[in-house]
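Colleague: When you get a sec, could you give me coordinates for this:
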Amino acid sequence: MLGVLEGFSVIGIIIVIGVLIDRTGWLGPQGRQVLNGLAFHVATPALLFGLMFQAELSVLFSDQFVATALGMLIVAGMYCVLGVIFKWGVGPTTIGAMNSSYVNSGNLGIPIAVYVLGDGSLVAPVMLVQQLIMGPVMLGILDVTSATRKGRKLKWWQLVVRPFTNPVVIGALSGLLLNILNVNPPSFILEPIALVGGMSVPAVLLAFGMSLRDNALPFRGEDKWQVAAGTVLKSFIHPAIAWLLGAFVFHLNDAMLLAVVVTAALPTAQNIYTYAANYRVGESLARETILVTTILSVPVIFLVTILLHP
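Modeller: This next block holds a predicted model:
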């Protein structure tokens with residue numbers, strides 16, 4: 001259980017540092033935008049390249065991977081249905097769907113997997129789902145929406161190619177491709193990529209902390225109902241669906257079932273705010289959902305661990 005608290009404390013401290021940086025103005029008026037740009041275009045692609053390059057390929061064919069993928073797609077689909085019914089718009093609905101289904105698998109998921117599940121590699125399936133399925137689709141939609149908003153009409157082949165021109169998707173897929181082909185670049189190439197990738201998590205968390213001044217208290221803005229929907233889906237519905245799929249559809253053993261449900265109970269990933277900021281859509285929606293789901297995930301993960309621990 002200490003691993004849960006340790007993972008959250010690391011995140012909290014870095015976010016507080018981001019708040020202090022914003023209050024002091026040390027990085028200037030454009031500091032947050034620079035950190036978001038650094039994370040989106042450089043550091044996160046490098047980080048995902050390394051993660052996918054080192055990923056265990058056997059998890060792609062495991063029931064854990066399929067159960068994780070289905071759970072995320074179902075929850076994202078549920079939010080999309082709400083977005084259509086209430087006419088929240090394509091861009092905000094896409095961010096909300098990511099809020100509901102994308103989990104903090106890196107800077108929080110890995111330590112929790114190590115200390116709670118006993119194996120850091122158990123978080124790999126959710127990373128693969130997010131980078132192989134959710135990422136290209138969701139970021140592709142945001143790319144198309146952004147182009148349309150700017151008055152650019154994309155041809156059909158541009159719609160197909162567009163998701164794969166995104167730096168985050170390029171980083172993840174290129175790492176996976178080298179992994180599949182069993183290509184081992186020399187260390188003088190991999191080490192700089194790893195160093196640059198190491199900037200991703202702190203840059204995202206610092207930028208998130210710096211953004212809290214804009215709207216530190218949730219459920220106060222115009223998108224309060226979107227925040228509420230995303231919070232309920234992410235914090236409660238997502239773990240419940242993961243449990244139903246794992247226990248009654250795929251009949252996972254106790255250890256795998258715990259891994260699937262715990263990873264589903266992780267809060268919304270902080271990099272969703274980076275995506276929202278980069279595309280200038282749903283920034284407060286992402287920021288508030290991340291904040292609330294991170295707080296709620298502590299008791300939820302504790303409860304899941306108590307109920308399902310083999």
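
Colleague: In contact with the closest residue to residue 41 other than its chain neighbours, which residues?
Modeller: Spatial nearest neighbour of residue 41, chain neighbours left out: residue 167 (5.1 Å); criterion: C-beta to C-beta, 6 or more residues apart in numbering. For glycine as for every other residue, the C-beta is placed from the backbone atoms N, C-alpha and C. Residue 167 is in contact with 40, 41, 42, 44, 45, counting by C-beta atoms under 8 Å, 6 or more residues apart in numbering.

Colleague: quick check, nearest of those residues to residue 238?
Modeller: Set against residue 238, the nearest of the contacts of residue 167 by C-beta to C-beta is residue 44 (22.5 Å).

Colleague: I'd say the closest one and residue 168 touch.
Modeller: Yes - using C-beta atoms under 8 Å, residue 44 is in contact with residue 168, at 5.6 Å.

Colleague: for the closest residue to residue 276 other than its chain neighbours, what are its contacts?
Modeller: Excluding its sequence neighbours, the residue lying closest to residue 276 (C-beta to C-beta, 6+ apart) is residue 286, at 4.0 Å. For residue 286, the contacting residues are 95, 98, 99, 268, 272, 273, 275, 276, 277, by C-beta under 8 Å, 6+ apart.

Colleague: again, only using 7 Å
Modeller: 95, 99, 272, 273, 276 (C-beta atoms under 7 Å, 6 or more residues apart in numbering).

Colleague: and which of the residues you listed is nearest residue 34?
Modeller: residue 273 (14.8 Å).

Colleague: The closest one - nearest residue in space that isn't next to it in sequence?
Modeller: residue 286 (4.4 Å).

Colleague: Against residue 302, how distant is that neighbour?
Modeller: 25 Å (C-beta to C-beta, to the nearest Å).

Colleague: ditto for residue 264
Modeller: 15 Å.
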